[in-house]
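Visitor: My questions concern the predicted model and sequence given below.
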Amino acid sequence: MTEGCPKHCILMCVLLISGKSKEAEIKRINKELANIRSKFKGDKALDGYSKKKYVCKLLFIFLLGHDIDFGHMEAVNLLSSNRYTEKQIGYLFISVLVNSNSELIRLINNAIKNDLASRNPTFMGLALHCIANVGSREMAEAFAGEIPKILVAGDTMDSVKQSAALCLLRLYRTSPDLVPMGDWTSRVVHLLNDQHLGVVTAATSLITTLAQKNPEEFKTSVSLAVSRLSRIVTSASTDLQDYTYYFVPAPWLSVKLLRLLQCYPPPEDPAVRGRLTECLETILNKAQEPPKSKKVQHSNAKNAVLFEAISLIIHHDSEPNLLVRACNQLGQFLQHRETNLRYLALESMCTLASSEFSHEAVKTHIETVINALKTERDVSVRQRAVDLLYAMCDRSNAQQIVAEMLNYLETADYSIREEIVLKVAILAEKYAVDYTWYVDTILNLIRIAGDYVSEEVWYRVIQIVINRDDVQGYAAKTVFEALQAPACHENLVKVGGYILGEFGNLIAGDPRSSPLIQFNLLHSKFHLCSVPTRALLLSTYIKFVNLFPEIKTTIQDVLRSDSQLKNADVELQQRAVEYLRLSTIASTDILATVLEEMPPFPERESSILAKLKKKKGPGTVTDLEEIKKERSSDMNGSAEPASVNSTPSPSADLLGLGAAPLTNSAPPPSSSGSLLVDVFSDSASAVAPLAPGSDDNFNNLSVKTEKKPHAITFSFVPAYSMFVCKNNGVLFENQLLQIGLKSEFRQNLGRMFIFYGNKTSTQFLNFTPTVICSDDLFLNHFLCLNLQTKPVDPTVDGGAQVQQVVNIECVSDFMEAPILNIQFRYGGTFQNLSVKLPITLNKFFQPTEMSSQDFFQRWKQLSNPKQEVQNIFKAKHPMDAEITKAKIIGFGSALLEEVDPNPANFVGAGIIHTKTTQIGCLLRLEPNLQAQMYRLTLRTSKEAVSQRLCELLSEQF
């Protein structure tokens, strides 16, 4: 501030700061303002130095909190000076005091244009700084077209390029619609190769922001960013001496480059992808090296690069080796003495836990996370530990995690108790193998934190008990015992009243829980409860009249009492009168009909899950990122599924949260449960299970698949090959929109749920997703894939999601994938993007178990050269046997153990189901660890199918 300021101004500042009182300061300022005003209005013209002196004083007085209503014109006049110090004070005054509605804005713009055209780097820098500091829409309208030309001009100096890039970034953030995309976009990408690292840093910030909204325009930046990052991470600190911060080469630039790469999927070019993998491995290796300095700045810079690299590894979710290494590195931070590192490690591991490749590695740190939950002093770190336990939970460790959460709940901070209650309820429901454990857990939850148990929690336990015959007796016995405690929470009374009213007869044979004892136990709590609970208990009493006629008189006496018939609450009075009358005049048959046991509830998405998502809000963890990848090989320790031919109870998939009420047209699902777990939508709408062979899956759909004969222009083409071996995940994500998928396939039918998440706070208008089939999906004028979609709401609120269901029928074998085109209007700008839907031929695989003799007999039968396709290729990923097995199973075929004479080889068998035919398939994968090569051989009865399956599977290794 003092640079370029006259001595008189500095002296005035010293006098004001050293003033003895506020009154003395105001008196001094008023005197100074009067003097400056007289100088500006005087007959004698002021020279540039005097103007600068007085304008500088006005600026300082304004910064002290006093209003300035003159001197603006003098500041504008300083812009035309040829002296740097005078021009600097003029621009500084304008940046701070002049608003966008000022009458002087046109004069200011003219002065700025003159300085930008002067080619004087110092003056250009001052003008660009002023534009960025003001950043108004008027500035964007005047200069948004000019600044890109300065940025990419060959004769522009490095310091000006830096300022131009950051100035353009500021204008784009305030008025994105006024920054035109043009030829300069392809040229600005090449600034990533600039020799001056300051220019590269500024350009990276600009390109990252632009690429989030216009990824196709800047996709060439990926290879350049990887190249630049490689040069930084492999260089010694002495090579980049001017940009080395405490022995860490260019940490800010490294972080920005890693963030830029997170705007795109993994590079498709093997060379670029390999180089990026080397960079990430180098960063992880450096994290293991002893620190070169004990100062905190060194560790901060080193860890900043490390955490951003881990974020990129998680974003790509395609390199199992890197994901596991990242997890192990984060695990070391869980016990670090620095609180911030522990917090960041827990937060990053929450995301890693959702990856199928690193979930098992995250689970190895469960004891450390539990210990953090017990000993951590910082409440925010404890909350992240709860989040991580929730994320890493599966059937193999659910009981341990739920028990630890319940223990912690007794001493947990009040601010997070409700969230913990919801998570415990969700985990107990989702991973319950023994429903008696589920009932015990929820009742324990109510006992420990009853005030934080919402209605959704006790509603849900009622639904589950009613829908499962095998747990009803146990639930009645358990709540009866729990109610005998001297002090019971009101939520426990609600649960007990409901369950005993429905199933109290199941324990009435025990003298210790006879009908009268049950009634007296409940009625002893009556006077302590609120009106809604009392109303529920009155309903229980009338249920008892039907269940236990022997205590009918006792219950009628209670209903007939003045405290009920003359109750001040209308609801209680009405119930007492009606129930008393019903019990008096109704016959036994009528009473049994009216008060019969509640029918099973329709199975739908858990309202507890919806409440948790609402509580977390759109700004914390995007719901799409909560996807738990299904593990085809049961790697998470889940129970073995029952036989497909078995017939389950109507509530077989209750804890899967995904099935709907069974329709007449569809047979009941298998007892293994539906994989369609709707964890995204707040809607309680039910999702019907797939019915093989039923045409009802394709009825009542209002939007049909379109045929587009022309070529499709992609706004963004993700590496959708990652979905070949899995069905769930995030398909696309940018600054505005996130698209997630959950899908299930059975024989030749499939169903895909597409979740569109609005990541902004602004509504999407005219939101129209359309599934398009190109000519490649037609055979003899008939579609190979029958795709039908349901329409979605054309308005998507900020932070909200909408769900679209796509029903799929494979009519015949196909080679290409359909395309999802999405059009909507955001902030007045039309958005249009297209992505490939990961519907591939292998999705219609049905695994087939075969003996060694049967396999090779069938292998010989498919010996026609046209039936075999073989591919020998270099391994793109670490050659891990367990991961290879998981991918083959995820591909859809059965993994046949002890069939191949060479135990290192992998063989599989399956059948591709289409509506018109079934195509048998045999595969053999031969790894060569020394050469890091694979040989993949596929034999099917159809050449085109062999070729396509070979292409799809080869991309996975």
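Guide: Great, that's in hand. These figures come from a predicted structure and were not determined experimentally.

Visitor: Now do the helices in the stretch 351-500 of the chain.
Guide: 359-363, 366-375, 379-392, 398-409, 414-430, 435-449, 455-467, 469-483, 490-503 (DSSP state H, counting those that start in this stretch).

Visitor: quick one: the longest one to helix 455-467, angle?
Guide: Compare the direction of helix 414-430 with that of helix 455-467 by axes from the mean of the first three to the mean of the last three C-alpha atoms, to 10 degrees and you get 20 degrees.

Visitor: Take helix 414-430, keep the C-alpha atoms, and write them as CSV.
Guide: Extracted as CSV, the C-alpha positions of helix 414-430 are listed here (Å, rounded to 0.1, in the frame of the first residue of the first chain):
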residue,chain,number,x,y,z
TYR,A,414,-25.4,-34.3,21.0
SER,A,415,-24.9,-32.7,17.6
ILE,A,416,-24.2,-36.0,15.8
ARG,A,417,-26.4,-38.4,17.8
GLU,A,418,-29.4,-38.3,15.4
GLU,A,419,-27.1,-39.0,12.5
ILE,A,420,-25.5,-42.0,14.3
VAL,A,421,-29.0,-43.3,15.2
LEU,A,422,-30.0,-43.2,11.5
LYS,A,423,-26.8,-44.9,10.4
VAL,A,424,-27.1,-47.7,13.0
ALA,A,425,-30.7,-48.3,12.0
ILE,A,426,-29.8,-48.4,8.3
LEU,A,427,-26.8,-50.8,8.8
ALA,A,428,-28.8,-53.1,11.1
GLU,A,429,-31.6,-53.3,8.5
LYS,A,430,-29.4,-53.6,5.5
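
Visitor: before we move on, the earlier item: I'd like the helices of the stretch 351-500 of the chain written out as JSON lines, with mean pLDDT added.
Guide: Output for the helices of the stretch 351-500 of the chain, formatted as JSON lines (pLDDT from 0 to 100):
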{"stretch": "helix 359-363", "mean pLDDT": "89"}
{"stretch": "helix 366-375", "mean pLDDT": "89"}
{"stretch": "helix 379-392", "mean pLDDT": "90"}
{"stretch": "helix 398-409", "mean pLDDT": "91"}
{"stretch": "helix 414-430", "mean pLDDT": "88"}
{"stretch": "helix 435-449", "mean pLDDT": "89"}
{"stretch": "helix 455-467", "mean pLDDT": "86"}
{"stretch": "helix 469-483", "mean pLDDT": "91"}
{"stretch": "helix 490-503", "mean pLDDT": "92"}
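
Visitor: Let me know which of the ones you listed is tucked in deepest.
Guide: Among the helices of the stretch 351-500 of the chain, helix 490-503 has the highest mean neighbour count (mean count of other C-beta atoms under 10 Å), at a mean of 24. From N, CA and C alone the C-beta is placed, and that goes for glycine too.

Visitor: related to what we said a few turns ago, how about JSON lines for the helices of the stretch 351-500 of the chain, with distance to residue 164 added?
Guide: Output for the helices of the stretch 351-500 of the chain, formatted as JSON lines (distance: least, C-beta to C-beta, whole Å):
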{"stretch": "helix 359-363", "distance to residue 164": "44"}
{"stretch": "helix 366-375", "distance to residue 164": "47"}
{"stretch": "helix 379-392", "distance to residue 164": "40"}
{"stretch": "helix 398-409", "distance to residue 164": "53"}
{"stretch": "helix 414-430", "distance to residue 164": "46"}
{"stretch": "helix 435-449", "distance to residue 164": "57"}
{"stretch": "helix 455-467", "distance to residue 164": "54"}
{"stretch": "helix 469-483", "distance to residue 164": "69"}
{"stretch": "helix 490-503", "distance to residue 164": "63"}
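
Visitor: For stretch 40-48, the averaged confidence score.
Guide: Averaged over stretch 40-48, pLDDT sits at 78.

Visitor: in it, what counts as buried?
Guide: 40, 48 (16 or more other C-beta atoms under 10 Å).

Visitor: contacts for stretch 89-96?
Guide: Residues outside stretch 89-96 that contact it (C-beta atoms under 8 Å, 6 or more residues apart in numbering) are 4-5, 52, 55-56, 58-59, 62-63, 71-72, 75-79, 81, 108, 126-127, 129-130, 133-134.

Visitor: Out of those, which end up buried?
Guide: 4-5, 52, 55-56, 58-59, 71-72, 75-79, 81, 108, 126-127, 129-130, 134.

Visitor: give the contact list for the nearest residue to residue 559 once chain neighbours are set aside.
Guide: With sequence-adjacent residues excluded and distances taken as C-beta to C-beta, 6 or more residues apart in numbering, residue 559 is closest to residue 580, at 4.1 Å. Contacts for residue 580 (C-beta under 8 Å, 6+ apart) come out as 556, 559-560, 565.

Visitor: same deal with residue 954?
Guide: Residue 954 is in contact with 871, 873, 934, 936, counting by C-beta under 8 Å, 6+ apart.

Visitor: Can you lay out the residues you listed as JSON lines showing pLDDT and distance to residue 314?
Guide: Below are the contacts of residue 954 laid out as JSON lines (pLDDT from 0 to 100; distance: C-beta to C-beta, whole Å):
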{"residue": "871", "pLDDT": "88", "distance to residue 314": "30"}
{"residue": "873", "pLDDT": "87", "distance to residue 314": "27"}
{"residue": "934", "pLDDT": "89", "distance to residue 314": "26"}
{"residue": "936", "pLDDT": "89", "distance to residue 314": "29"}
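
Visitor: Thanks a lot, catch you later.
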